[in-house]
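# Need the 3D shape of this:
(2 chains)
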Amino acid sequence: SQKIEQNSEALNIQEGKTATLTCNYTNYSPAYLQWYRQDPGRGPVFLLLIRENEKEKRKERLKVTFDTTLKQSLFHITASQPADSATYLCAPNSFRLRIGGATNKLIFGTGTLLAVQP
Amino acid sequence: DAGVIQSPRHEVTEMGQEVTLRCKPISGHNSLFWYRQTMMRGLELLIYFNNNVPIDDSGMPEDRFSAKMPNASFSTLKIQPSEPRDSAVYFCASSRTGANNQPQHFGDGTRLSIL
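A predicted model of the protein is given here:
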């Protein structure tokens, strides 16, 4: 079955350092992968999308890579700040043909909690 | 701009009662998703709609769960009868289309506790 793995342990880093979060997937080949941020008591918020033919995508201090050979995406936050502390979720898409039509949906990982210490 | 609006924010009820969760998607969005989030299983898709039509309900746990989208601006998720194991945070999300190159916009969820 399709499986998404993110570091279940919290990642603690010092302010100003680069945070790197890992997302591994098995048993399928997503065409897209999205990253979301979730704060306590709130819904996830979209950050970045990367396609299978893109090696890297950047947005301000954020960078995402997508390695379809390793079946892995890395999410980097440079010059991290305490305000970056949150849970980060990766979500590759899953496309399936079935009787009655195709389905195309996101499969979310369980997330990695990032804590940036001042 | 108004985001996805869910109600109620919190619901506490006794086992066996009917529970109805409500969602208003962002205006102009054609796809709507219902998710359930628990510590053990993370964020799981229950069902999603395109243009008010259910496309994939394979994540709905069992017949006690049902979802409707009578029009483009409203959806409900109903649990009848409710059980303690249904306790979770339920999220509604919407996107412009059902294509996965579109970001999903989430509401702030309904925290459901079944006693």
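# residue closest to the middle of chain B?
When CA atoms, centre = their mean is applied to chain B, the residue found nearest the centroid is B:Trp34 (3.0 Å).
# B:Ser87 versus B:Leu112, what's the distance?
Noted for B:Leu112: a distance of 6 Å to B:Ser87, by CB to CB, to the nearest Å. No exception for glycine: its C-beta is placed from N, CA and C like everyone else's.
# how near is the residue positioned nearest the centre of chain A to A:Leu114?
Nearest to the geometric centre of chain A sits A:Cys90, at 2.7 Å (CA atoms, centre = their mean). For A:Cys90, the distance to A:Leu114 equals 13 Å [CB to CB].
# Mind listing the shared neighbours of these two?
Common contact partners of A:Cys90 and A:Leu114 (CB atoms under 8 Å, 6 or more residues apart in numbering or on different chains): A:Leu21.
# pLDDT score assigned to the residue of chain A found nearest chain B?
In chain A, the residue that lies nearest chain B is A:Gly43 (3.1 Å; CB to the nearest CB). Looking at A:Gly43, its pLDDT reads 97.
# How about B:Asn100?
65.
# repeat for B:Ile55
On pLDDT, B:Ile55 comes in at 89.
# next one: A:Gly100
A:Gly100 carries a pLDDT value of 64.
# do the same with A:Phe75
According to the model, A:Phe75 scores 97 on pLDDT.
# Return the distance of it relative to A:Ser94.
19 Å.
# so where's the chain uncertain?
Unless you meant another one, I'm taking chain A. A:97-102 (pLDDT under 70).
# The chain in question should be chain B.
B:1, B:98-100.
# Contact partners for the residue of it found nearest chain A?
Residue nearest to chain A within chain B (CB to the nearest CB): B:Phe106, separated by 3.1 Å. If you count contacts by CB under 8 Å, 6+ apart, B:Phe106 has them with A:43-45, B:4, B:35, B:91-93.
# Could you give the separation of the biggest strand by length in chain A from the chain centroid?
Criterion DSSP state E: the longest strand present in chain A is strand A:86-98. When C-alpha coordinates are averaged (CA atoms, centre = their mean, to the nearest Å), strand A:86-98 and its chain have centres 9 Å apart.
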